[in-house]
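Trainee: Pasting a predicted model and its sequence here:
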Amino acid sequence: AQKITQTQPGMFVQEKEAVTLDCTYDTSDQSYGLFWYKQPSSGEMIFLIYQGSYDEQNATEGRYSLNFQKARKSANLVISASQLGDSAMYFCAMREIHNTDKLIFGTGTRLQVFP
Amino acid sequence: EAEVAQSPRYKITEKSQAVAFWCDPISGHATLYWYRQILGQGPELLVQFQDESVVDDSQLPKDRFSAERLKGVDSTLKIQPAELGDSAMYLCASSPLQGSNTIYFGEGSWLTVV
(Lines give C-alpha, C1' and ligand atoms only; values in the text may rest on other atoms or scores of the structure.)
Protein backbone atom coordinates (compact mmCIF):
# COMPACT_ATOMS: atom_id res chain seq x y z
CA ALA A 1 0.00 0.00 0.00
CA GLN A 2 1.19 3.48 -0.74
CA LYS A 3 2.47 5.47 2.22
CA ILE A 4 4.14 8.81 2.88
CA THR A 5 6.41 9.35 5.90
CA GLN A 6 7.49 12.71 7.23
CA THR A 7 9.67 12.10 10.28
CA GLN A 8 10.22 15.72 11.34
CA PRO A 9 7.27 17.03 13.34
CA GLY A 10 8.91 20.44 13.60
CA MET A 11 11.86 22.31 12.17
CA PHE A 12 13.44 25.67 12.98
CA VAL A 13 15.50 27.74 10.57
CA GLN A 14 16.95 31.20 10.67
CA GLU A 15 15.86 33.73 8.11
CA LYS A 16 17.90 33.63 4.87
CA GLU A 17 19.21 30.14 5.59
CA ALA A 18 18.29 27.01 3.61
CA VAL A 19 16.25 24.18 5.11
CA THR A 20 15.46 20.62 4.04
CA LEU A 21 12.19 18.93 4.89
CA ASP A 22 12.30 15.15 4.66
CA CYS A 23 9.82 12.89 2.90
CA THR A 24 10.03 9.19 2.16
CA TYR A 25 7.44 7.17 0.32
CA ASP A 26 6.47 3.60 -0.30
CA THR A 27 4.81 2.34 -3.45
CA SER A 28 4.90 -0.67 -5.71
CA ASP A 29 3.85 1.36 -8.74
CA GLN A 30 6.51 2.49 -11.21
CA SER A 31 4.51 5.54 -12.26
CA TYR A 32 3.73 8.04 -9.57
CA GLY A 33 3.85 11.72 -8.77
CA LEU A 34 5.13 13.50 -5.69
CA PHE A 35 3.77 16.82 -4.45
CA TRP A 36 4.64 19.32 -1.76
CA TYR A 37 2.05 21.66 -0.27
CA LYS A 38 2.34 24.53 2.20
CA GLN A 39 -0.45 25.08 4.71
CA PRO A 40 -0.37 28.40 6.61
CA SER A 41 -2.48 28.83 9.73
CA SER A 42 -5.33 30.08 7.53
CA GLY A 43 -5.81 26.51 6.33
CA GLU A 44 -5.41 26.73 2.57
CA MET A 45 -3.21 24.08 0.97
CA ILE A 46 -0.85 25.91 -1.38
CA PHE A 47 0.76 23.85 -4.15
CA LEU A 48 4.54 24.27 -4.20
CA ILE A 49 6.19 21.73 -6.46
CA TYR A 50 5.67 18.48 -8.37
CA GLN A 51 8.02 15.63 -9.34
CA GLY A 52 7.06 12.79 -11.64
CA SER A 53 8.68 9.41 -11.10
CA TYR A 54 10.10 9.43 -14.64
CA ASP A 55 11.41 12.98 -14.49
CA GLU A 56 15.17 12.80 -14.85
CA GLN A 57 15.87 16.19 -13.34
CA ASN A 58 14.93 17.43 -9.90
CA ALA A 59 12.01 19.83 -9.97
CA THR A 60 12.59 23.47 -9.07
CA GLU A 61 10.15 26.35 -8.56
CA GLY A 62 11.75 29.58 -7.47
CA ARG A 63 13.17 29.08 -3.96
CA TYR A 64 11.78 25.55 -3.79
CA SER A 65 13.56 22.49 -5.10
CA LEU A 66 12.83 18.82 -4.72
CA ASN A 67 15.73 16.48 -3.99
CA PHE A 68 14.41 13.32 -5.65
CA GLN A 69 16.30 10.10 -4.90
CA LYS A 70 14.29 7.36 -6.54
CA ALA A 71 16.36 4.40 -5.31
CA ARG A 72 16.00 5.59 -1.73
CA LYS A 73 12.35 6.53 -2.26
CA SER A 74 12.87 9.98 -0.88
CA ALA A 75 11.57 13.34 -2.08
CA ASN A 76 12.93 16.01 0.21
CA LEU A 77 11.89 19.65 -0.16
CA VAL A 78 14.65 22.23 -0.04
CA ILE A 79 13.73 25.84 0.66
CA SER A 80 16.55 28.27 -0.03
CA ALA A 81 16.87 31.71 1.55
CA SER A 82 14.09 31.16 4.09
CA GLN A 83 11.70 34.02 4.76
CA LEU A 84 9.50 34.72 7.78
CA GLY A 85 6.47 34.06 5.58
CA ASP A 86 7.65 30.48 5.04
CA SER A 87 6.53 29.59 8.57
CA ALA A 88 3.76 27.03 8.04
CA MET A 89 2.96 23.33 7.89
CA TYR A 90 4.44 21.49 4.91
CA PHE A 91 2.90 18.32 3.53
CA CYS A 92 4.39 15.78 1.18
CA ALA A 93 1.91 13.81 -0.93
CA MET A 94 1.98 11.06 -3.52
CA ARG A 95 -0.30 9.82 -6.24
CA GLU A 96 0.08 6.49 -8.04
CA ILE A 97 -0.63 7.14 -11.71
CA HIS A 98 -2.09 3.71 -12.40
CA ASN A 99 -4.08 3.57 -9.21
CA THR A 100 -6.76 5.90 -8.04
CA ASP A 101 -6.23 9.57 -8.64
CA LYS A 102 -6.20 10.46 -4.97
CA LEU A 103 -3.33 12.08 -3.12
CA ILE A 104 -1.93 10.30 -0.08
CA PHE A 105 -0.53 12.81 2.40
CA GLY A 106 2.08 12.55 5.10
CA THR A 107 1.54 13.92 8.60
CA GLY A 108 3.34 17.15 7.85
CA THR A 109 6.27 19.15 9.21
CA ARG A 110 5.82 22.47 10.98
CA LEU A 111 8.49 24.92 9.88
CA GLN A 112 9.24 27.99 11.93
CA VAL A 113 11.50 30.69 10.54
CA PHE A 114 13.05 33.05 13.09
CA PRO A 115 14.78 36.39 12.48
CA GLU B 1 -5.75 34.28 -10.23
CA ALA B 2 -8.63 31.78 -10.24
CA GLU B 3 -9.35 30.07 -6.94
CA VAL B 4 -11.34 27.21 -5.50
CA ALA B 5 -14.14 28.81 -3.49
CA GLN B 6 -15.56 27.20 -0.36
CA SER B 7 -18.24 28.17 2.11
CA PRO B 8 -18.88 28.50 4.92
CA ARG B 9 -15.41 29.21 6.21
CA TYR B 10 -16.35 28.27 9.76
CA LYS B 11 -19.29 26.28 11.07
CA ILE B 12 -20.27 25.29 14.60
CA THR B 13 -23.08 22.80 14.85
CA GLU B 14 -24.62 20.66 17.53
CA LYS B 15 -24.31 16.91 17.53
CA SER B 16 -27.06 15.20 15.49
CA GLN B 17 -27.72 18.31 13.39
CA ALA B 18 -27.23 18.49 9.64
CA VAL B 19 -24.45 20.54 8.05
CA ALA B 20 -23.52 21.26 4.45
CA PHE B 21 -20.44 22.61 2.71
CA TRP B 22 -20.26 24.11 -0.74
CA CYS B 23 -17.40 24.18 -3.22
CA ASP B 24 -16.98 25.97 -6.53
CA PRO B 25 -13.89 24.68 -8.38
CA ILE B 26 -11.73 26.63 -10.77
CA SER B 27 -13.62 27.19 -14.00
CA GLY B 28 -13.14 24.37 -16.45
CA HIS B 29 -11.74 21.91 -13.93
CA ALA B 30 -13.38 18.55 -14.51
CA THR B 31 -12.02 16.78 -11.43
CA LEU B 32 -13.20 17.77 -7.95
CA TYR B 33 -12.10 16.32 -4.63
CA TRP B 34 -13.35 16.57 -1.06
CA TYR B 35 -10.74 15.91 1.63
CA ARG B 36 -11.09 15.83 5.41
CA GLN B 37 -8.23 16.98 7.61
CA ILE B 38 -8.32 16.17 11.32
CA LEU B 39 -6.17 18.44 13.48
CA GLY B 40 -2.55 17.33 13.44
CA GLN B 41 -2.94 15.02 10.46
CA GLY B 42 -2.68 15.22 6.71
CA PRO B 43 -5.80 15.43 4.54
CA GLU B 44 -7.61 12.23 3.57
CA LEU B 45 -9.79 11.84 0.49
CA LEU B 46 -13.50 11.49 1.10
CA VAL B 47 -14.83 11.62 -2.47
CA GLN B 48 -13.63 12.38 -5.99
CA PHE B 49 -15.76 13.50 -8.93
CA GLN B 50 -14.97 13.44 -12.60
CA ASP B 51 -17.51 15.89 -14.05
CA GLU B 52 -20.75 14.83 -12.34
CA SER B 53 -19.74 11.20 -11.74
CA VAL B 54 -18.26 9.80 -8.54
CA VAL B 55 -14.87 8.21 -9.24
CA ASP B 56 -13.88 7.25 -5.70
CA ASP B 57 -15.96 7.40 -2.53
CA SER B 58 -14.43 4.42 -0.79
CA GLN B 59 -13.53 6.47 2.32
CA LEU B 60 -16.83 8.36 2.55
CA PRO B 61 -18.92 7.28 5.58
CA LYS B 62 -22.05 6.78 3.54
CA ASP B 63 -24.35 6.29 6.49
CA ARG B 64 -24.04 9.98 7.33
CA PHE B 65 -22.11 11.70 4.53
CA SER B 66 -23.31 12.47 1.05
CA ALA B 67 -21.81 14.44 -1.81
CA GLU B 68 -23.15 15.61 -5.12
CA ARG B 69 -21.99 17.54 -8.16
CA LEU B 70 -25.19 17.66 -10.16
CA LYS B 71 -24.13 19.74 -13.16
CA GLY B 72 -20.48 18.87 -13.04
CA VAL B 73 -19.53 22.29 -11.72
CA ASP B 74 -20.03 23.14 -8.04
CA SER B 75 -20.42 20.53 -5.34
CA THR B 76 -22.06 20.07 -1.95
CA LEU B 77 -20.89 17.83 0.88
CA LYS B 78 -23.51 17.05 3.53
CA ILE B 79 -23.25 15.46 6.95
CA GLN B 80 -26.39 14.23 8.68
CA PRO B 81 -26.38 13.66 11.57
CA ALA B 82 -23.13 15.29 12.65
CA GLU B 83 -21.06 13.54 15.32
CA LEU B 84 -18.36 14.91 17.62
CA GLY B 85 -15.71 13.03 15.64
CA ASP B 86 -16.63 14.93 12.49
CA SER B 87 -14.91 18.04 13.83
CA ALA B 88 -12.24 18.74 11.22
CA MET B 89 -11.42 20.91 8.25
CA TYR B 90 -13.09 19.97 4.99
CA LEU B 91 -11.00 20.85 1.98
CA CYS B 92 -12.18 21.02 -1.61
CA ALA B 93 -9.72 20.72 -4.47
CA SER B 94 -9.91 20.70 -8.24
CA SER B 95 -7.74 19.83 -11.20
CA PRO B 96 -8.15 20.27 -14.97
CA LEU B 97 -8.43 16.54 -15.57
CA GLN B 98 -7.79 13.21 -13.92
CA GLY B 99 -4.11 12.52 -13.51
CA SER B 100 -3.11 16.16 -13.76
CA ASN B 101 -0.04 17.23 -11.84
CA THR B 102 -1.77 20.44 -10.76
CA ILE B 103 -4.29 20.08 -7.97
CA TYR B 104 -5.49 23.29 -6.34
CA PHE B 105 -7.13 23.50 -2.94
CA GLY B 106 -9.59 25.96 -1.47
CA GLU B 107 -9.22 27.62 1.92
CA GLY B 108 -11.24 24.90 3.61
CA SER B 109 -14.28 24.83 5.86
CA TRP B 110 -13.64 24.40 9.56
CA LEU B 111 -16.32 22.33 11.30
CA THR B 112 -16.74 22.12 15.06
CA VAL B 113 -19.38 19.76 16.41
CA VAL B 114 -20.45 20.44 19.99
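Mentor: Received it, and whenever you're ready, just let me know what you need. Numbering: from 1, shown residues only, chains lettered A, B, ... in the order given.

Trainee: so where's the chain uncertain?
Mentor: Looking at chain A here, since you left the chain open. A:1, A:98-100 (pLDDT under 70).

Trainee: my question was about chain B
Mentor: B:1-2, B:98.

Trainee: Let's see that with 80 instead.
Mentor: B:1-2, B:97-101 (pLDDT under 80).

Trainee: burial of the residue in it that chain A sits nearest to, as a residue count?
Mentor: Nearest to chain A, among the residues of chain B, is B:Gly42, at 3.0 Å (CB to the nearest CB). The C-beta positions use only the backbone N, C-alpha and C, and glycine is treated the same way. Residues lying near B:Gly42 (other CB atoms under 10 Å in any protein chain shown) number 22.

Trainee: Looks to me like it is in a helix.
Mentor: No - if the criterion is DSSP: H, G, I helix; E, B strand; the rest coil, then B:Gly42 is coil and not within a helix.

Trainee: Where do the strands of the chain begin and end?
Mentor: Just going to use chain A. A:3-5, A:10-14, A:19-21, A:24-26, A:32-39, A:46-52, A:60-61, A:64-69, A:74-79, A:88-96, A:104-105, A:109-114 (DSSP state E).

Trainee: ah, no, chain B please
Mentor: B:5-7, B:10-13, B:19-24, B:31-37, B:44-50, B:53-56, B:65-68, B:75-79, B:88-95, B:104-105, B:109-113.

Trainee: Can you give me the neighbour number for B:Thr31?
Mentor: 20.

Trainee: need the contact list for the one residue in chain A that gets nearest to chain B.
Mentor: Nearest residue of chain A to chain B (CB to the nearest CB) works out as A:Phe105 at 3.0 Å. When contacts are counted by CB atoms under 8 Å, 6 or more residues apart in numbering or on different chains, A:Phe105 touches A:Ile4, A:Phe91, A:Cys92, A:Ala93, B:Gly42, B:Pro43, B:Glu44.

Trainee: with these in mind, which one is nearest to A:Gln57?
Mentor: A:Cys92 (18.9 Å; CB to CB).

Trainee: how near is the closest one to A:Thr24?
Mentor: Distance, A:Cys92 to A:Thr24, by CB to CB, to the nearest Å: 9 Å.

Trainee: Show me what the residue nearest to the residue of chain B closest to chain A when sequence neighbours are not counted bridges to in the sheet.
Mentor: Spatially, and ignoring its direct neighbours in sequence, B:Gly42 is nearest to A:Phe105 (3.0 Å; CB to CB, 6 or more residues apart in numbering or on different chains). Beta bridges link A:Phe105 to A:Ala93, judged by DSSP bridges.
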